[in-house]
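Asker: sharing a sequence plus its predicted fold:
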Amino acid sequence: MTILSTERLRLEPIDDRHFDGLQAMNSQSEVMRFISGQPETPAQTRHMIELVKGRWAQYGFSWWAFIEKETERLVGAGCIQYLGRDPANPHEIGWRLVPDRWGMGLASEAAHAMAAWAFDHLAAPTLVAVRLPENTQSAKVMDRLGLRYRGVETWYERPHAVHELTRADWRAQQAS
């Protein structure tokens, strides 16, 4: 399983040892506001970890825990996950952070590392990111990453703003 590293973060494949940090983050209303709309229970966090471990075993990628190098604290989570429902755009990128680390550039830092990995190691043709239309902070991260707004589509049974980035556009950005 792949561990990624950035200047301030270590991205570790999520497993059982991340339960406490994930539960602390996902039980916060403000973290889950734009995801499920409600705090996650311990049982839901355990279920998520089991799903993620299975995806790592099956696909070789899924969700990473963002570990802040300076403190060794779990400060976020993010993913490259397979979207079997959309064969033309099979990879989704996503992230979330604990509120006391919002606005510090950590989401952009982690997203950049995950995107680079997806394009370089999976040869992903396109990455798709989705957000609720009112989630303007995620829109800023998507813009910084170079994702282009595609429109509003139904994802996860709700209307979401959809953004995408092709491997060709990624490579052009990195070359400039």
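Answerer: Now that the structure is in, tell me what you want to look at.

Asker: switch to C-alpha atoms for all contacts and neighbour counts from now on
Answerer: Will do.

Asker: so residue 74, which of the three states?
Answerer: strand (DSSP: H, G, I helix; E, B strand; the rest coil).

Asker: could you give the bridge partners of the closest residue in space to it that isn't next to it in sequence?
Answerer: Sequence neighbours aside, residue 67 is the residue nearest to residue 74 in space, at 4.5 Å (criterion: C-alpha to C-alpha, 6 or more residues apart in numbering). Beta-bridge pairing of residue 67 under DSSP bridges involves residue 10, residue 74.

Asker: thought residue 10 was touching residue 67, still the case?
Answerer: Yes. Using C-alpha atoms under 8 Å, residue 67 makes contact with residue 10 at a distance of 5.1 Å.

Asker: then the longest helix anywhere in the chain to CSV, C-alphas only?
Answerer: Criterion DSSP state H: the longest helix present in the chain is helix 42-59. Presented in CSV, the C-alpha positions along helix 42-59 are these (Å, rounded to 0.1, in the frame of the first residue of the first chain):
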residue,chain,number,x,y,z
PRO,A,42,-18.4,5.3,15.9
ALA,A,43,-20.1,2.4,14.1
GLN,A,44,-20.2,4.3,10.9
THR,A,45,-16.5,5.2,11.2
ARG,A,46,-15.6,1.5,11.8
HIS,A,47,-17.7,0.5,8.8
MET,A,48,-16.0,3.1,6.6
ILE,A,49,-12.6,1.8,7.7
GLU,A,50,-13.6,-1.8,6.8
LEU,A,51,-14.8,-0.6,3.3
VAL,A,52,-11.6,1.3,2.7
LYS,A,53,-9.4,-1.6,3.8
GLY,A,54,-11.3,-3.8,1.3
ARG,A,55,-10.8,-1.2,-1.5
TRP,A,56,-7.0,-1.0,-0.8
ALA,A,57,-6.9,-4.8,-1.0
GLN,A,58,-9.0,-4.9,-4.2
TYR,A,59,-7.8,-1.9,-6.2
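
Asker: what segments of the protein are helices?
Answerer: 19-26, 29-32, 42-59, 106-121, 136-145, 167-175.

Asker: measure the closest residue to residue 46 other than its chain neighbours to residue 80 for me?
Answerer: Spatial nearest neighbour of residue 46, excluding adjacent residues (C-alpha to C-alpha, 6+ apart): residue 19 at 7.0 Å. Remark: distance between residue 19 and residue 80 (C-alpha to C-alpha, to the nearest Å) = 19 Å.

Asker: more neighbours, these two?
Answerer: Each of residue 19 and residue 80 has its neighbours counted (other C-alpha atoms under 10 Å); residue 80 has more, 23 against 18.

Asker: for the more buried one, list each beta-bridge partner.
Answerer: residue 93.

Asker: surely it meets residue 59?
Answerer: No. Contact between residue 80 and residue 59 fails when scored by C-alpha under 8 Å: they sit 10.5 Å apart.

Asker: having no further points to raise, I will conclude here.
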